[in-house]
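**Student:** got a predicted structure plus its sequence, pasted below:
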Amino acid sequence: MTAQINSLFDQAYFSDQTKKSGYEFQIRAALSQILLKVKLSSKTALPSNTTKTELTLQKLLTWIDHHYCQTITSKQLADSANISVRECQRCFSKTLHISPSKYIIHKRILTAAKILLQTDLSVTVISSNCGFNSPSYFTKTFKSTMNMTPVQFRDNYAKGNYKIR
């Protein structure tokens, strides 16, 4: 659970650092996910005001955490929580203000960023391990999200200037 919360915090931090169009929404989505995870992981019984949407979202996020490195279809994701594809999209949109596919991509990019800092694996291997079918698409998506290529990211941050938790 702590690793998931750290990952979400890192996502919010990187969104703030890049200040790309819509970064405020990415920060809000990450912080909303943190609050939801903390609320749902408390040792006390869930309060009666916990909505069905929040419980469904928790199932979806947990499933993604275990399957992000695989190819994920909208139907597979929806089936993991026994809901329709449209309900899955509504759940993400209503609570996190982001689509399921964008959430999965952000999860993959943040995981790749951690691997870049913690290993000497090639960008090709990392892209494959994080669920990207094409190293060029991975590099393009990474650069779009982080405002630098994976190699630039590794060079800039692996030298101790910044560590991802």
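**Tutor:** Yes, it's here.
**Student:** contacting residues around the host helix or strand of residue 87?
**Tutor:** Per DSSP states H and E, residue 87 falls inside helix 85-96. Helix 85-96 has contacts (Cβ atoms under 8 Å, 6 or more residues apart in numbering) with 29, 32-33, 36, 53-54, 56-57, 60, 74-75, 77-78, 81, 83, 98-100, 103. (Glycine included, C-beta is placed from N, CA and C.)
**Student:** and it, how far out from the chain's middle?
**Tutor:** How far helix 85-96 lies from its chain's middle: 15 Å, per Cα atoms, centre = their mean, to the nearest Å.
**Student:** same question, stretch 107-115
**Tutor:** Between the centre of stretch 107-115 and the centre of its chain there are 8 Å (Cα atoms, centre = their mean).
**Student:** stretch 3-10 now?
**Tutor:** 9 Å.
**Student:** for it, list the C-alpha coordinates in CSV.
**Tutor:** Provided in CSV are the C-alpha atoms of stretch 3-10 (Å, rounded to 0.1, in the frame of the first residue of the first chain):
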residue,chain,number,x,y,z
ALA,A,3,4.5,1.8,-2.5
GLN,A,4,1.2,2.6,-4.3
ILE,A,5,0.8,5.9,-2.3
ASN,A,6,4.4,6.8,-3.0
SER,A,7,3.9,6.2,-6.7
LEU,A,8,0.8,8.4,-6.7
PHE,A,9,2.7,11.1,-4.9
ASP,A,10,5.5,10.9,-7.5
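**Student:** much appreciated, bye for now.
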